[in-house]
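1. Below are the sequence and a predicted model; questions follow.
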Amino acid sequence: MEDLTTFHENPIIKSIYTADPAPMVYGDTLYLYTTHDEDELVNDFYTMKDWRCFSTKDMVNWEDHGAIFSLDDIDWADDRAWAPQAVERNGKFYLYCPVHKTDGGMAIAVGISDNPAGPFTDLGYPLVDEGDWNDIDPTVFIDDDGQAYLYFGNPELRYVLLNEDMISYNKEVGVVKIPMTEEAFAKGSHDTGTSYGEGPWFYKKNDLYYMVYAAFGVGKQNEHLAYSTSASPTGPWKYGGVLMTEDGGVFTNHPGIADFKGHSYLFYHTGDLPGGSLFHRSVCVAEFKYNEDGSIDTIDKCEGVNRVQ
């Protein structure tokens with residue numbers, strides 16, 4: 001067996017159930033934001049009340065920063081602390097989180113902090129609230145020209161143009177709906193007839209924009225991970241292929257991709273911890289490489305990752 005000081009076994013976090021991994025590299029540290037599946041279920045459904053943060057400088061030693069933001073911090077929300085993502089701008093950190101609005105649908109909250117490990121303070125009202133159930137799983141990216149984008153959605157992929165304050169968006173442009181075509185997201189069994197399901201992860205590498213997402217293949221009941229690319233941050237998108245199959249997973253999956261110290265990583269979740277299930281998930285990570293043309297071959301679920309300097 002390999003020395004555990006040079007190799008970290010999956011799942012990354014073994015003390016609690018975690019899901020929906022969202023990595024953010026800041027300085028020499030990778031911060032990993034996750035959701036938290038409670039041990040005790042309410043109504044046999046996802047029971048999620050807070051968001052957690054973990055950090056590492058070498059992919060092997062992880063610091064647990066505990067709960068950094070929770071439903072208790074959001075006066076206008078009452079349930080469903082779902083998949084978040086964080087970003088830094090002008091010395092502040094913004095954590096975008098989907099929550100259930102009291103007497104409403106799903107909406108996107110923003111937590112603000114001076115520290116990447118929190119604690120985060122609620123903006124005080126929803127950033128995006130269309131009054132439907134589509135406003136989940138926000139993914140945020142600031143382009144080279146300074147324009148920030150917030151994509152989100154199940155079953156449709158939508159986006160807003162964030163203003164530089166990161167807590168408001170361009171209301172003239174409004175919420176833009178991406179055409180849900182087979183060319184963009186492949187034929188699949190989700191509600192739009194494409195494979196796109198939820199959990200988008202938006203980023204840019206070598207002038208190519210990537211949209212990685214949880215997807216439903218034709219006739220498949222569990223989510224796999226897939227990706228599409230574009231020459232523009234707003235599309236049109238072109239389907240790229242399967243990033244990770246549904247084999248060995250649970251009903252959901254959620255991608256988070258980061259480059260850290262010269263290595264590229266895909267974070268995902270499974271049900272691999274003892275007692276694991278579709279409602280008790282665990283975050284894992286796999287190293288991968290890009291092909292010369294920017295494409296990505298299917299990545300296997302793996303035992304873990306090696307230490308980096």
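-> Received, thanks.

2. Flag the shaky bits of the stretch 1-150 of the chain, pLDDT-wise.
-> 1-4 (pLDDT under 70).

3. Would you map the strands across it?
-> 7-9, 17-26, 29-37, 50-56, 62-70, 77-79, 85-89, 92-101, 106-113, 121-122, 139-142, 148-152 (DSSP state E, counting those that start in this stretch).

4. Is it possible to get JSON lines of these that adds mean neighbour count and distance to residue 173?
-> (Each C-beta comes from the backbone N, C-alpha and C, glycine too.) Output for the strands of the stretch 1-150 of the chain, formatted as JSON lines (neighbours: other C-beta atoms under 10 Å; distance: least, C-beta to C-beta, whole Å):
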{"stretch": "strand 7-9", "mean neighbour count": "17", "distance to residue 173": "42"}
{"stretch": "strand 17-26", "mean neighbour count": "24", "distance to residue 173": "25"}
{"stretch": "strand 29-37", "mean neighbour count": "24", "distance to residue 173": "27"}
{"stretch": "strand 50-56", "mean neighbour count": "22", "distance to residue 173": "28"}
{"stretch": "strand 62-70", "mean neighbour count": "18", "distance to residue 173": "28"}
{"stretch": "strand 77-79", "mean neighbour count": "17", "distance to residue 173": "26"}
{"stretch": "strand 85-89", "mean neighbour count": "21", "distance to residue 173": "19"}
{"stretch": "strand 92-101", "mean neighbour count": "24", "distance to residue 173": "18"}
{"stretch": "strand 106-113", "mean neighbour count": "24", "distance to residue 173": "16"}
{"stretch": "strand 121-122", "mean neighbour count": "18", "distance to residue 173": "25"}
{"stretch": "strand 139-142", "mean neighbour count": "22", "distance to residue 173": "16"}
{"stretch": "strand 148-152", "mean neighbour count": "23", "distance to residue 173": "11"}
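
5. Take the ones you listed and lay them out in a markdown table including distance to residue 167.
-> Listed next are those as a markdown table, based on distance: least, C-beta to C-beta, whole Å:
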| stretch | distance to residue 167 |
| --- | --- |
| strand 7-9 | 35 |
| strand 17-26 | 18 |
| strand 29-37 | 18 |
| strand 50-56 | 17 |
| strand 62-70 | 15 |
| strand 77-79 | 16 |
| strand 85-89 | 10 |
| strand 92-101 | 7 |
| strand 106-113 | 5 |
| strand 121-122 | 11 |
| strand 139-142 | 12 |
| strand 148-152 | 11 |
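
6. which stretch among the ones you listed comes nearest residue 262?
-> strand 17-26 (11.6 Å; C-beta to C-beta).

7. Identify the neighbouring strands of that closest one in the sheet and state each direction.
-> If you go by DSSP bridges, strand 17-26 pairs up with strand 29-37 (antiparallel).

8. what about the partner strand, distance to the chain center?
-> Centroid separation between strand 29-37 and its chain, computed with C-alpha atoms, centre = their mean, to the nearest Å, is 10 Å.

9. Next one: residue 109 relative to residue 238, how far apart?
-> 32 Å (C-beta to C-beta, to the nearest Å).

10. what's the closest of the strands of the stretch 1-150 of the chain to residue 232?
-> strand 148-152 (10.9 Å).

11. Which residues are in contact with the closest residue in space to residue 87 that isn't next to it in sequence?
-> Nearest residue to residue 87 in three dimensions, chain neighbours excluded: residue 140, at 4.7 Å (C-beta to C-beta, 6 or more residues apart in numbering). Residues near residue 140 by C-beta atoms under 8 Å, 6 or more residues apart in numbering: 85, 86, 87, 94, 96, 148, 149, 150, 162, 202.

12. tally of neighbours for residue 166?
-> 23 (other C-beta atoms under 10 Å).

13. and it, that one's in a helix?
-> No - going by DSSP: H, G, I helix; E, B strand; the rest coil, the assignment for residue 166 is coil, not a helix.
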